[in-house]
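J.: next input, structure requested:
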Amino acid sequence: MSRSAHLKFEIILDYVQELLPTQERAEIAAHLVECSQCRQQFTQAQELISFLQDDAVLEIGRKAHQKAVDLFRPWLQTRQAVRPGAETGLGMIIRRVRANLLLDSRQELNLLGCGLRAAGLGQPFQLLYSVDEGRVEVDLQLRPATDDSGRLEVIGQVLGCAGTERNVELVPLGGGSSLQVQADATFTFRFPIVQSGEYRLNVNDGLETVEISSVKL
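T.: This is a model prediction of the structure:
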């Protein structure tokens, strides 16, 4: 890498998210020490990723949300262009991968002595899932419905998917009809009213389906 050439913003985004090989990361780190313009881009990339991951992204205004989408789109298009393997001579192959639970904020409240049942009633909580050690992350925010019915509002965001589809499905494990929504360009989605229970969550980006086999609401 020539240190005199400025880095592309999508490369800096990959660097911030630790998606690059070790050698390339070392070269970029050395470049950032010497290049003030790229350091400024690096700071913007950090802010963007933090902005997308922050819970507040679900509450921001339309203009701020659109700005984040516009900044994020070139990186997403680049990732789609280099994503290996999805299409062959036999057509599109969609992989199915399973996500693992990293965080249930109700457990933290339980450690404080609230009790898991009490921790899940009447207040918001968070569930965080990961695929391949953080390659894809699914962040779910769950809030009690305003009508005191015991139902929940489910708001989520997926980070790391590279396909162009935005399909999210919530399937009740005890039987019944599944719920389906389309996520937006930042892969943020919302199920307005969901009954308490156990569900399977499927996220399909057209290249792979991320499956969370058990979501306990």
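J.: quick one: the helices in the protein?
T.: For the chain, applying DSSP state H gives helices covering 9-16, 22-34, 36-53, 62-82, 105-111, 116-119.
J.: what's D139 in contact with, if anything?
T.: Residues in contact with D139 (CB atoms under 8 Å, 6 or more residues apart in numbering) are 53, 126-129, 156-159. In this view, the C-beta of every residue, glycine as well, is placed from N, C-alpha and C.
J.: could you redo the last one with a cut-off of 6 Å?
T.: 128, 157 (CB atoms under 6 Å, 6 or more residues apart in numbering).
J.: that one bridge partners, please.
T.: Counting by DSSP bridges, D139 is bridged to L128, Q157.
J.: tell me the pLDDT at it?
T.: For D139, the pLDDT comes out at 90.
J.: where among the helices of the chain is average confidence lowest?
T.: Confidence, taken as mean pLDDT, is least for helix 116-119 of those (a mean of 40).
J.: could you find the closest non-adjacent residue to F187?
T.: Take F187 and drop its neighbours on the chain: the residue closest to it by CB to CB, 6 or more residues apart in numbering is V158, 4.2 Å away.
J.: you'd agree that neighbour is up against N204?
T.: No. Taking contacts as CB atoms under 6 Å, V158 lies outside contact range of N204: 10.4 Å.
J.: compare those two (neighbour count), which wins?
T.: Each of V158 and N204 has its neighbours counted (other CB atoms under 10 Å); V158 has more, 23 against 18.
J.: please report how far the more buried one lies from E211.
T.: Distance, V158 to E211, using CB to CB, to the nearest Å: 12 Å.
J.: then E10?
T.: According to CB to CB, E10 stands 28 Å off from E211.
J.: how about L170?
T.: In terms of CB to CB, L170 sits 12 Å off from E211.
J.: for H6, same thing?
T.: Counting by CB to CB, the gap from H6 to E211 is 40 Å.
J.: now do stretch 178-187: distance from first to last residue.
T.: End-to-end distance of stretch 178-187 (CA to CA, to the nearest Å): 19 Å.
J.: buried stuff in that stretch?
T.: Buried residues in stretch 178-187, defined by neighbour count with 16 or more other CB atoms under 10 Å: 179, 183, 186-187.
J.: same deal with stretch 201-217?
T.: 201-212, 215, 217.
J.: pLDDT for these - can I get that in CSV?
T.: Formatted as CSV, the buried residues of stretch 201-217 follow (pLDDT from 0 to 100):
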residue, pLDDT
L201, 94
N202, 93
V203, 93
N204, 91
D205, 88
G206, 86
L207, 84
E208, 87
T209, 90
V210, 90
E211, 91
I212, 91
V215, 88
L217, 81
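J.: inside strands: which ones of these?
T.: With DSSP state E as the criterion, strands contain 201-204, 208-212, 215 from among the buried residues of stretch 201-217.
J.: which of those residues sit farthest apart?
T.: Using CB to CB, those span at most 18.5 Å, a distance reached by E208 and V215.
J.: hmm, which two among the buried residues of stretch 201-217 are most spread apart?
T.: Maximum pairwise distance among the buried residues of stretch 201-217 (CB to CB): 27.6 Å, between L207 and L217.
J.: roughly how far does Q126 sit from Q180?
T.: Distance, Q126 to Q180, by CB to CB: 23 Å.
J.: ditto for S130
T.: To Q180, S130 is 23 Å away according to CB to CB.
J.: nearest spatial neighbour of I28, chain-adjacent residues omitted?
T.: Y15 (5.0 Å).
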